[in-house]
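Trainee: sequence and predicted structure below; questions after.
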Amino acid sequence: MNVLAFPCNQFGAQEPGTDAEILEFATTKYGTTFPMFSKVDVNGDGASEIYQFLKAGHPDADENHDIAWNFTKFLVGSDGQVIERFAPQVTPEEIAESVKALG
């Protein structure tokens, strides 16, 4: 299993820094070790292609396709297809159950 992070500044301007500043903050403050990609937009006309793909056909629990807040998570299978979308408040530990179910 791999975790990939895509910072976004569309939610309360919480990611205003450069890619380097965001990486430094995440590694220093939270000890992250997973790949951190360049900052992207996840909603609107400028949404990155990866988020256009992730959201297509995978709305949240309220049937919204847009990302409501940072830390929305997607479980993607080894074939590159989206398996499940998780709300921001869902923890990695909770997602582990869905990962285990994949076998």
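Mentor: Perfect, I can see it now.
Trainee: is it fair to say Arg85 lies in a strand?
Mentor: Yes. Counting by DSSP: H, G, I helix; E, B strand; the rest coil, Arg85 is part of a strand.
Trainee: give me the neighbour count for it.
Mentor: 19 (other C-beta atoms under 10 Å). Every residue, glycine included, has its C-beta placed from N, CA and C.
Trainee: with Ala96 instead?
Mentor: Neighbour tally, Ala96, other C-beta under 10 Å: 11.
Trainee: so how far is Asp19 from it?
Mentor: Going from Ala96 to Asp19 by C-beta to C-beta, to the nearest Å gives 29 Å.
Trainee: check which element follows the longest helix anywhere in the chain along the chain.
Mentor: The residue-count maximum for a helix in the chain (DSSP state H) belongs to helix 19-30. Toward the C-terminus, helix 19-30 is succeeded by helix 49-55 as the next helix or strand (DSSP states H and E).
Trainee: with only the CA atoms kept, save that next one in PDB.
Mentor: Output of helix 49-55 as PDB, limited to C-alpha atoms (Å, rounded to 0.1, in the frame of the first residue of the first chain):
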ATOM      1  CA  GLU A  49      -6.600  15.600 -14.000                       C
ATOM      2  CA  ILE A  50      -5.900  13.200 -11.200                       C
ATOM      3  CA  TYR A  51      -8.800  14.600  -9.200                       C
ATOM      4  CA  GLN A  52     -11.100  14.800 -12.200                       C
ATOM      5  CA  PHE A  53     -10.400  11.000 -12.500                       C
ATOM      6  CA  LEU A  54     -10.800  10.200  -8.800                       C
ATOM      7  CA  LYS A  55     -14.100  12.100  -8.400                       C
END
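Trainee: strand partners (parallel or antiparallel) of the helix or strand just after it?
Mentor: The element immediately downstream of helix 49-55 (helix or strand, assigned by DSSP H and E) is strand 73-76. Sheet pairing for strand 73-76, assigned by DSSP bridges, gives strand 82-86 (antiparallel).
Trainee: report the buried residues of the strand it pairs with.
Mentor: 84-86 (16 or more other C-beta atoms under 10 Å).
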